[in-house]
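> structure, please.
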Amino acid sequence: MTTVKEEEDIFEIVDYTTASDWERFIARIEEILSEWKLNGPETSNTEIDFADGEWIERNESLEFGDRSYTIIHFSLQIPETTSSSLPTENNPQMTTSSTFEKQTFIPPRAMADMMSRRNDFPSHSPFLSHWFGLREFLILSPKRNTDPIIDESRANLLLSSTAIAVSNVGCNVPIFIRVQHEWRNIFIGLCEGSGLRTHFNICYLKSAPHQYRHLAGLLEIFKSKLGSQISNDIVIMVAVRFTYVLREFESTSSRQVLPQDETGMPILTNLPFGSLYDPVSGLHLSCTWPIFSEEGVTENDDCNDFDPIRSQQWAIGVTLLEDLPVLLSDAVQKYLNLSTKRETVEQLLGKIQNVDETSNNSMNMADPIKRISDSRTQQYWTSISSSISNTTKRLRVNIFNPPLPPNIVEKTTDYLFNERPIFERRQSIVDELPNDTERIRQLKSVPKDSFVYRLVVCFTAICSLPSINHLRSIAHLWFDIVQELRTYWETGKLIPGLESGSPNLSFSKFYQNLQMLNCCIEHRLRHENDTINIDNNPMEQDNNDDDDQFYECSSNISPSKSNQTELQPDGRLKPYGDLKLLHTNEILYVPITQECPPATEDMLDEQTTVLTNLGFGEDATLLRAKMQSRSLLSDMESFKAANPLGTIEDFVRWYSPRDWIETEEIDNDGNIQKHYSLSPRMQLPDNLWVEVWQQARPIPVRRQKRLFDDGKEAEKILQKFSSLSPGEVLEQLIPVLLHTIYDRITNEIEDIPDVLGFLENLYAKEVLIIKGKDERKKKLQQDFVECLTSIEQYICRFQSFKQKLFPLDLNEQEKEEMIQRITELHTRPEIPVKGAANSRLGKRLISIFTKTKSSTTNQVDNGDSIEVKNQFMTPAGKEYILRASIARPSHSRSRPSPQRMYCMLAQDEFRLCGAFSEDTTFF
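Just a heads-up that it's a prediction; the model follows:
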């Protein structure tokens, strides 16, 4: 009994205050809406243009039972300067019914937007904004696409839950529930405020029923949704837009084709630019009829009043090809990638076979023997091996499986070595074009259209060729170029396309080496010509003081010969003013001296390295000074030969006047006495000038050992070129590549407005590549290629727009206006066509979007006559918006509320989007 009594005393306590999942879900929605400050009535119905704003998104996650959802808030942010100050109730464009305009209450902003005609067919907005004309809305959707809301009861539960939440916080922003699979874009939603409730529903079909493919059928649907409350005095306002899409263009000139010769072989003399594909994949024309009543026009199976020619609102837009491949950027990317390769020419081309022309073997060997036996040539050339090397003719080269056809290589080398005027330094690009001067200095580049400039163009063109091994092809061309350079050296022909004179250190090192090779050729030609002149005129061998031939004489000269030459002046150029020798009172003559040896930047760096490695001790300093005194020794020997009785003081007076000090003193008799002396630095013990003077012998310049050995320097340069791998060649020419790119872009943007910023940004990235550290160069090069790609794509699109849309025979003002209009197509989905069909652009569009139709008519004489007329193509899409302001649910007791239906008919889509409102004050 006790046990039974205890069991009766135990009871279960149920706490009905604990929140359920549903209640927590609603509370979470209310919390989010409060955080986003959407918990108050929105009374601002200011008219705005959706095209002027930017859509902002924010989202939050929430849970409902074991399912996760995401709520997203879409809002249009409009700059204050672009918004209109006209409210909905005072602006006749905001509504379609005078009843709705004159109502005393202020509806929610969403309902006012639904009735606004200003943003009927926005060009760039989210789906729901486009369908319902909303500037702000919320979407609740499953967090995972694998959990779509297919069950109707689940959709109604979510909708009712959100309705409770927005009602509790007083939110007037429409909220939608995404139902069905995401790709269908189907929503249900509602909006409440000011005693009105709007239900949003969407119907989607893949094809439209036949009776609903025109305006008449859609009006039946709209009236059936409004119910029996619609009266005869209610006017349904309609807005219509037809869109015509063109995807095949008659002209394909906007496509770029790699240049080819008459035989179909590629030409490597032009820098590639553009795209092999048309950047515009589609062109669409939208014709809009913005507002009319249902009785104003007719569209059914038998009649269609919508003639695009008569539409007063046209807009043009383009569909661009995504990730447009462009030739120049692609070639530059490949060029930069190949510049990191280090395979040698032999590794790339295999064993190269050199075959001597047997018919000329005897001639080739006769020349060296003859030249070696000539005494003057023997003194000129440094060795027998160099003589043989420089007299053999060019060898015929056999390359197994060459990557480039021989005729392409031949045409390319002809282009590079084409005879053209040598650049004079005083008329060079550096002096004529200051802007290019600064660019060359910053990039360490070369003059435009020079040999190296053309060489880079050829290498870049190779990188644009499809279906070939680019590195092997560059190796093939480079090998042939080196052979041609050697031929030019051996035959004594100057390399074209280079600035004359000594190497210009403001240009690239590669260019300097070619200039040095030209200097060697010039020296060789000059000395050979002088030798021929002397051989033809024996008297000049002994009597011509201006003969400046150089001899490879021995460093030791017999004393007897030296004593003989001391008393015989030789190598005199001209008297040095009125100066006379100090001790003999003879005229002081300026000697003929050797020219200062030309030097490249690489040679100066090598000399600096050698001198630096000597150390910093006293002996090292003395040795360094002696190494740098070769030119001084040559000048002293020339001076002694021209002035046998001269002293070091005489030499200093001519060579370094600043070290010859003249002082004046007044003696006891009052006479001015002049005293002369060397400068203090010349009187220091162990003075280098004194030592060199003591070592110098009176040797005229024509018998001195050359300061500049052109044969040796030329061979060094040719050997250096031969040892370079193709990748190293490309790497050394990167500054020139950047220069050619800048010039190519500059030539292509002549007609494009507001592109100065493009060039400045491109040039800034080029300078960063040149001056950047090695570890960052790869990243800098990638940034540069991305920038170049965007610029090239922009130019290709502009050129395509211009080719398709530019009417013929435009004057300058019309041309500028047209360029400005089509430039906007880069940044805007579509642009309006002012004047519609009556404008110049409109007439051009009519010719594009119309097709020729032939019809046969019978003449009186029973002859057939063909009448040709143009007809617009079938629209790819038709959009309709139907509006009315009707009191619902009671015609007599409810306030008028906005009713709207949007319809879109396309080839594979039929969509109806209805927004129907009702008064909830007493219902």
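> strands along the stretch 751-900 of the chain, start to end?
Using DSSP state E, counting those that start in this stretch, the strands of the stretch 751-900 of the chain run over residues 830-833, 850-858, 864-872, 877-887, 896-906.
> for the first one, which strands pair with it and how are they oriented?
For strand 830-833, the paired strands and their directions (DSSP bridges) are strand 313-320 (antiparallel).
> same check on the fourth one?
When pairing is defined by DSSP bridges, strand 877-887 lines up against strand 237-246 (antiparallel), strand 896-906 (antiparallel).
> tell me which of those sits most buried.
Burial of these is given as mean neighbour count (mean count of other C-beta atoms under 10 Å); strand 896-906 ranks first at a mean of 23. In short, each C-beta sits where N, CA and C put it, glycine included.
> now that one: mean pLDDT?
On average, the pLDDT along strand 896-906 is 93.
> do stretch 186-204 as well
pLDDT averaged over stretch 186-204 gives 93.
> give me the most central residue, this protein.
residue 788 (1.8 Å; C-alpha atoms, centre = their mean).
> how about that residue, nearest residue that isn't a chain neighbour?
residue 329 (4.9 Å; C-beta to C-beta, 6 or more residues apart in numbering).
> for residue 60, same thing?
Using C-beta to C-beta, 6+ apart, the nearest residue to residue 60 is residue 32, at 5.0 Å.
> can you list the neighbours in contact with the helix or strand harbouring that neighbour?
Using DSSP states H and E, residue 32 falls within helix 21-35. Contact with helix 21-35 is made by 19, 39, 60, 62-65, 71, 157, 161-162, 164-166, 168-169, 171, as judged by C-beta atoms under 8 Å, 6 or more residues apart in numbering.
> what segments of the stretch 351-500 of the chain are strands?
Here the stretch 351-500 of the chain has its strands, by DSSP E, counting those that start in this stretch, at 353-355, 396-398.
> out of the contacts of helix 21-35, list just those in strands.
60, 62, 63, 64, 71 (DSSP state E).
> buried sites along the host helix or strand of residue 222?
In the assignment (DSSP H and E), residue 222 maps to helix 215-226. Of all the residues in helix 215-226, those buried under the rule 16 or more other C-beta atoms under 10 Å are 215, 216, 217, 218, 219, 221, 222, 223, 226.
> ok, those vs residue 662, which is closest?
residue 215 (110.0 Å; C-beta to C-beta).
> relative to residue 901, how far out is the closest one?
12 Å (C-beta to C-beta, to the nearest Å).
> got the domain ranges for the chain?
21-78+105-231+891-919, 603-701 (the TED database).
> the last one - what's its average pLDDT?
Across domain 603-701, pLDDT averages out at 79.
> with stretch 845-855 instead?
Stretch 845-855 comes out at a mean pLDDT of 70.
> repeat for stretch 145-161
On average, stretch 145-161 scores 93.
> any residues touching that stretch, and which ones?
Contacts of stretch 145-161 (C-beta under 8 Å, 6+ apart): 22, 25-26, 29, 64, 67, 140, 142, 177-182, 188-190.
> ok, of the residues you listed, which come out buried?
25-26, 29, 64, 67, 140, 142, 177-179, 188-190.
> now render the residues you listed as TSV, adding distance to residue 497.
Shown next, in TSV, are the buried ones among the contacts of stretch 145-161 (distance: C-beta to C-beta, whole Å):
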residue	distance to residue 497
25	78
26	81
29	75
64	77
67	74
140	71
142	69
177	72
178	67
179	72
188	74
189	72
190	77
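> which one of these is nearest residue 763?
residue 178 (48.9 Å).
> quickly find the element holding that closest one.
Residue 178 belongs to strand 175-179, assigned by DSSP H and E.
> shouldn't residue 185 be in contact with residue 204?
Yes: under the criterion of C-beta atoms under 8 Å, residue 185 makes contact with residue 204 at 7.3 Å.
> what's the next secondary structure element after the strand holding residue 178?
Next along from strand 175-179, by DSSP H and E: strand 186-193.
> could you give the angle of that following strand to strand 175-179?
Following axes from the mean of the first three to the mean of the last three C-alpha atoms, to 10 degrees, one obtains 160 degrees for the angle between strand 186-193 and strand 175-179.
> quick revisit: could the strands paired with strand 877-887 go into TSV alongside distance to residue 633?
Shown next, in TSV, are the strands paired with strand 877-887 (distance: least, C-beta to C-beta, whole Å):
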stretch	distance to residue 633
strand 237-246	82
strand 896-906	92
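> the ones you listed: which one's closest to residue 776?
Residue 776 sits nearest to strand 237-246 of all these, at 46.6 Å, using C-beta to C-beta.
> CA atoms only for the closest one, dumped as PDB, please.
This file holds the C-alpha atoms of strand 237-246, laid out as PDB (Å, rounded to 0.1, in the frame of the first residue of the first chain):
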ATOM      1  CA  MET A 237      -1.200  50.300 -67.900                       C
ATOM      2  CA  VAL A 238       1.400  48.300 -69.900                       C
ATOM      3  CA  ALA A 239       5.100  48.700 -70.600                       C
ATOM      4  CA  VAL A 240       6.800  46.500 -73.200                       C
ATOM      5  CA  ARG A 241      10.400  45.800 -74.200                       C
ATOM      6  CA  PHE A 242      11.500  43.600 -77.200                       C
ATOM      7  CA  THR A 243      15.100  42.500 -77.300                       C
ATOM      8  CA  TYR A 244      16.800  41.500 -80.600                       C
ATOM      9  CA  VAL A 245      20.100  39.500 -80.400                       C
ATOM     10  CA  LEU A 246      22.600  39.200 -83.100                       C
END
